[in-house]
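>>> Okay, sequence plus prediction incoming.
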Amino acid sequence: MFGYKRKRLWKGALLLFALLISVASLLYTNYLVDKLMEEEERKVKL
């Protein structure tokens, strides 16, 4: 019984970690796209 609880805890922790990585990746990608868009708009204005 104890082994099952430990396994379930590990699965939950891994799922939480995977979700955290996914959200961080999406936020960073959005940041990079915004920076690139600003730079390209600045180049077009020249």
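Received it, and whenever you're ready, just let me know what you need.
>>> so where's the chain uncertain?
Along the chain, segments meeting pLDDT under 70 span 1.
>>> could you pull out the helices for the chain?
2-45 (DSSP state H).
>>> For residue 19, give its distance to residue 12.
11 Å (Cβ to Cβ, to the nearest Å). (Glycine included, C-beta is placed from N, CA and C.)
>>> Same check on residue 35?
35 Å.
>>> Kindly report the same for residue 24.
Residue 24 is 19 Å from residue 12, by Cβ to Cβ.
>>> Repeat that for residue 45.
50 Å.
>>> ok, those two, which is more surrounded?
Taking other Cβ atoms under 10 Å, residue 45 and residue 12 do not tie; residue 12 has more neighbours (10 against 6).
>>> so who does that one touch?
Neighbouring residues of residue 12 by Cβ atoms under 8 Å, 6 or more residues apart in numbering: there are none.
>>> Residue numbering should commence at 714 henceforth.
Shifting the count to begin at 714 puts that one at residue 725.
>>> Restrict stretch 734-749 to CA atoms and write it as CSV.
In CSV, the C-alpha atoms belonging to stretch 734-749 read as follows (Å, rounded to 0.1, in the frame of the first residue of the first chain):
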residue,chain,number,x,y,z
ILE,A,734,7.8,23.5,-18.1
SER,A,735,5.1,23.8,-20.7
VAL,A,736,3.7,27.0,-19.3
ALA,A,737,7.2,28.5,-19.0
SER,A,738,8.0,27.5,-22.5
LEU,A,739,4.8,29.1,-23.9
LEU,A,740,5.5,32.3,-22.0
TYR,A,741,9.1,32.6,-23.1
THR,A,742,8.1,31.8,-26.7
ASN,A,743,5.5,34.6,-26.6
TYR,A,744,8.1,37.0,-25.2
LEU,A,745,10.5,36.1,-28.0
VAL,A,746,7.8,36.6,-30.7
ASP,A,747,6.9,40.0,-29.3
LYS,A,748,10.6,41.1,-29.3
LEU,A,749,11.0,39.9,-32.8
